[in-house]
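Visitor: Got a predicted structure here, sequence first:
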Amino acid sequence: MTEAPLTHRPPTSQAPTSQHADPVAFPQDRTCPYHPPTGYRQLREERPLSRISLFDGRAVWVVTGHAAARDLLSDQRLSSDRTRAAFPATTERLAASRDRRVALLGVDDPEHHVQRRMLVPSFTLRRIGALRPRIQETVDRLLDRMAEQGPPGELVNDFALPVPSTVICALLGVPYADHDFFEAQSRRLLRGPGGADVDAARGELDDYFGSLIDRKQADPGDGLLDELIHDQMREGKVDRQELIRLATILLVAGHETTANMISLGTFTLLRHPEQLDELRADPGLMPAAVEELLRFLSIADGLLRVATEDIEVAGTTIRADDGVVFSTSVINRDAGTFPDPDDLDWHRPARHHVAFGFGIHQCLGQNLARAEMEIALLSLFDRFPGLRLATPADTVPFKPGDTIQGMLELPVTW
């Protein structure tokens, strides 16, 4: 399958030459935005679990095998509680904010179950299906604006980011007029230079949602946040601070990662013209294409856990208090599960990927993300059949480093 050659950032460290070499550093930059770093790939070839070194020199386990990953992500002896002293941090930013509780993603059962149960009804396939006309309306409006402005365009800020931002605001009942503010705070949370910046962003979002909750108590709307205030907070099932944490994670996760998938998915399709032509000839392939893009891109690379007791898996003993990192980009390229894993293939059964995680912490909003990607990508290439990059591929700027892949800009023309 055709793919034009592409190089971007150089790797930040070298892969080991044997299992006895120094541990590979984690995280590493990708040399190509849709392929895992070379060092991670070599680890998978050697064994499904290996030792890696974090920024502070701490040695932890990295899981690169698909079967081992699904077993461990289902094992509640691995904790997601980021306030545990032994919980691993892949960056200084995460280490500095370890004492801050994170709703849903950063709590274990039974607390996690209580939080998730409050939210699940709003993210079922049926509820998301009812949202599809609104998603389509949002996409069409943004594409109309691009067409009116004429080429060239910048796809990240003109399309990929506004689609999920608009939709999650409508779902939650958050004013889209505030999108510049919360998008900026999300960037600080996910990519801020240090703990102080992350704390400042959290404080800004805490104040924002605190004020919004006050306004909604006085003048209720029809969003999910209004439902939680009425059905959960007023009944004493959730306190104000927990509701603020839930609103923050839903808003941040509800737009940032999907925007990255839409923009990087577009870039990847433009770099794989045969697969794009196949989609244009048969739009019914789009649901399968979205699953394959999720597997192929694996933009959130580095799920974190800590063992609460000894665990035996794949002939290896993970000891209590050992940190565990799941490299989704490599897990989703396991040839034992996905033959020819480096090929982009719409016809493979790709739904076993772990791009949304696995187990009890599997992404709550995955049905929404799939719907947004399907509608956005289908509509984009239908509206602009001549869409192409406006600059050479190796000059397109990508978000630097860390464990969440994305694009800063995507200049296009048509």
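Guide: Looks like it arrived, so ask away.

Visitor: So residue 212 sits against residue 174, correct?
Guide: Yes. Look at residue 212 against residue 174 with Cβ atoms under 8 Å: they come within range, at 6.9 Å. (Glycine included, C-beta is placed from N, CA and C.)

Visitor: shared neighbours, these two?
Guide: Taking Cβ atoms under 8 Å, 6 or more residues apart in numbering as the criterion, residue 212 and residue 174 both touch 225, 247.

Visitor: Who has more neighbours out of those two?
Guide: Between residue 212 and residue 174, residue 174 has the larger neighbour count (other Cβ atoms under 10 Å), namely 25 against 19.

Visitor: Now the more buried one: closest residue in space, sequence neighbours ignored.
Guide: residue 251 (6.3 Å; Cβ to Cβ, 6 or more residues apart in numbering).

Visitor: likewise residue 103?
Guide: Nearest residue to residue 103, sequence neighbours excluded (Cβ to Cβ, 6+ apart): residue 245, at 3.9 Å.

Visitor: so that neighbour sits right up against residue 101, yeah?
Guide: Yes. Using Cβ under 8 Å, residue 245 makes contact with residue 101 at a distance of 6.4 Å.

Visitor: Between the two, which has more neighbouring residues?
Guide: Taking neighbours as other Cβ under 10 Å, residue 245 and residue 101 compare with residue 245 leading, 24 against 13.

Visitor: ok, residue 209 - contacts?
Guide: 243, 244, 247, 248.

Visitor: Kindly recompute the last result at 7 Å.
Guide: 244, 247, 248 (Cβ atoms under 7 Å, 6 or more residues apart in numbering).

Visitor: Now do the SS call for it.
Guide: Residue 209 falls in the helix class when you classify it by DSSP: H, G, I helix; E, B strand; the rest coil.

Visitor: Just the pLDDT for it.
Guide: Looking at residue 209, its pLDDT reads 96.

Visitor: Look up how far residue 372 lies from it.
Guide: The spacing between residue 209 and residue 372, counted by Cβ to Cβ, to the nearest Å, is 23 Å.

Visitor: that's a helix at residue 412, yeah?
Guide: No. Using three-state DSSP, the assignment for residue 412 is strand, not a helix.

Visitor: Any idea how many residues pack against it?
Guide: 25.

Visitor: re the thing from before, from residue 357, how far off is the residue nearest to residue 174?
Guide: From residue 251 to residue 357 the distance is 19 Å (Cβ to Cβ).

Visitor: Kindly provide the distance from residue 263 to residue 186.
Guide: Here residue 263 is placed at a distance of 15 Å from residue 186 (Cβ to Cβ).

Visitor: and these two? which has more neighbours close in?
Guide: residue 263 (25 against 21).

Visitor: neighbour-wise, which of residue 251 and residue 357 wins?
Guide: Using other Cβ under 10 Å as the criterion, residue 251 and residue 357 rank with residue 251 on top: 25 against 19.

Visitor: I figured that one was touching residue 176, is that so?
Guide: No. The pair residue 251 / residue 176 is not scored as a contact, 11.4 Å apart, by Cβ atoms under 7 Å.

Visitor: any idea which helix or strand carries the nearest residue to residue 121 once chain neighbours are set aside?
Guide: Ranked by Cβ to Cβ, 6+ apart and with sequence neighbours excluded, the top spatial neighbour of residue 121 is residue 127, at 6.9 Å. Assigned by DSSP states H and E, residue 127 falls within helix 125-149.

Visitor: what's the angle between the strand or helix carrying residue 368 and helix 125-149?
Guide: Element membership of residue 368 [criterion: DSSP H and E] is helix 366-383. Angle of helix 366-383 versus helix 125-149, following axes from the mean of the first three to the mean of the last three Cα atoms, to 10 degrees, is 30 degrees.

Visitor: other SSEs contacting helix 366-383?
Guide: Using 3 or more Cβ pairs under 7 Å, 6 or more residues apart in numbering; DSSP states H and E as the contact test, the elements touching helix 366-383 are helix 125-149, helix 162-172, helix 240-271, helix 286-297.

Visitor: Can I get the last one in PDB? Just the C-alpha atoms.
Guide: Going back to what we said before, that points to helix 286-297. Extracted as PDB, the C-alpha positions of helix 286-297 are listed here (Å, rounded to 0.1, in the frame of the first residue of the first chain):
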ATOM      1  CA  MET A 286     -15.700   4.900   6.800                       C
ATOM      2  CA  PRO A 287     -16.600   3.100  10.100                       C
ATOM      3  CA  ALA A 288     -13.900   0.500   9.500                       C
ATOM      4  CA  ALA A 289     -11.500   3.200   8.400                       C
ATOM      5  CA  VAL A 290     -12.000   5.100  11.600                       C
ATOM      6  CA  GLU A 291     -11.200   1.900  13.600                       C
ATOM      7  CA  GLU A 292      -8.100   1.400  11.600                       C
ATOM      8  CA  LEU A 293      -7.000   5.000  12.000                       C
ATOM      9  CA  LEU A 294      -7.500   4.700  15.700                       C
ATOM     10  CA  ARG A 295      -5.300   1.700  15.700                       C
ATOM     11  CA  PHE A 296      -2.700   3.100  13.300                       C
ATOM     12  CA  LEU A 297      -2.300   6.500  14.900                       C
END
